[in-house]
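A.B. asks: Kindly return the folded structure for what I paste below:
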Amino acid sequence: MLNILIETIWLMLPAYTPNNFAVIFGGGTPIDLGKKFINGRRILGDGKTFRGLFFGIFGGVLTGYIQYNVEKLLGVNLYSRFPLENALTFFFLFSFGSLMGDIFGSFIKRRIGIERGGKAPILDQVDFLIFSFLFVCHHEVFKELFGIEIIILAFLITPILHRLTNFVAYLLKLKDVPW
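C.D. replies: Now for the predicted structure:
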């Protein structure tokens, strides 16, 4: 059981890390350019920025690239069993999907009146996960590495990891709220 848990976390890192990079390196111009939706509320809010999107994708791909090379060095055969170009495409899609899920979550939260930093318990923990999987579900890396047990375990552990990483970011003063 411990092996499958470690493998799941390892495989999920390119989807887990983009939002952390976006928080650390984000800021600047909001993706919604300050515009409001037809209901008068912001489309996304100030927390979703172009810089955050760029650095989030970069961070997820970088994480995957580092994993790929660590696997090569250690003789582990997960991501590194694929040609580098295929793995990089997968890392890009996985990272981009993660961020799109988070952006979608923000859009939904604004529609229902939850402001930036406000809680939306299930949505906050799985929006990025669902979109990550949707963006890579047809990719050969996903088909070969992500069995049903990995996917189910990812959905089970992600809310716990989400809370933990948000709390650490709050302690480091990278987030305004601890959830």
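
A.B. asks: Quick check: which ranges of this protein have low pLDDT?
C.D. replies: 178-179 (pLDDT under 70).

A.B. asks: Helices of that one, residue ranges please.
C.D. replies: Counting by DSSP state H, the chain has helices at residues 2-16, 18-25, 50-74, 84-111, 121-136, 140-145, 148-171.

A.B. asks: The last one - contacts with which helices or strands?
C.D. replies: Helices and strands in packing contact with helix 148-171 are listed as helix 2-16, helix 18-25, helix 121-136; criterion 3 or more Cβ pairs under 8 Å, 6 or more residues apart in numbering; DSSP states H and E. In this view, the C-beta of every residue, glycine as well, is placed from N, C-alpha and C.

A.B. asks: Including distance to Asn77, could those go into CSV?
C.D. replies: Converted to CSV, the helices and strands packed on helix 148-171 look like this (distance: least, Cβ to Cβ, whole Å):
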stretch, distance to Asn77
helix 2-16, 12
helix 18-25, 25
helix 121-136, 19
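
A.B. asks: now, of these, which is deepest in the fold?
C.D. replies: helix 18-25 (a mean of 22; mean count of other Cβ atoms under 10 Å).

A.B. asks: Can you give the contact residues for that one?
C.D. replies: For helix 18-25, the surrounding residues in contact (Cβ atoms under 8 Å, 6 or more residues apart in numbering) are 49, 51-53, 55-60, 95-96, 98-99, 102, 128, 165, 169, 174-175.

A.B. asks: just to revisit the earlier point, and Gln67, which of the helices and strands packed on helix 148-171 is closest to it?
C.D. replies: helix 2-16 (6.3 Å; Cβ to Cβ).

A.B. asks: give me the number of residues near Gly113?
C.D. replies: 9 (other Cβ atoms under 10 Å).

A.B. asks: Repeat that for Ala87.
C.D. replies: The burial count for Ala87: 23, using other Cβ under 10 Å.
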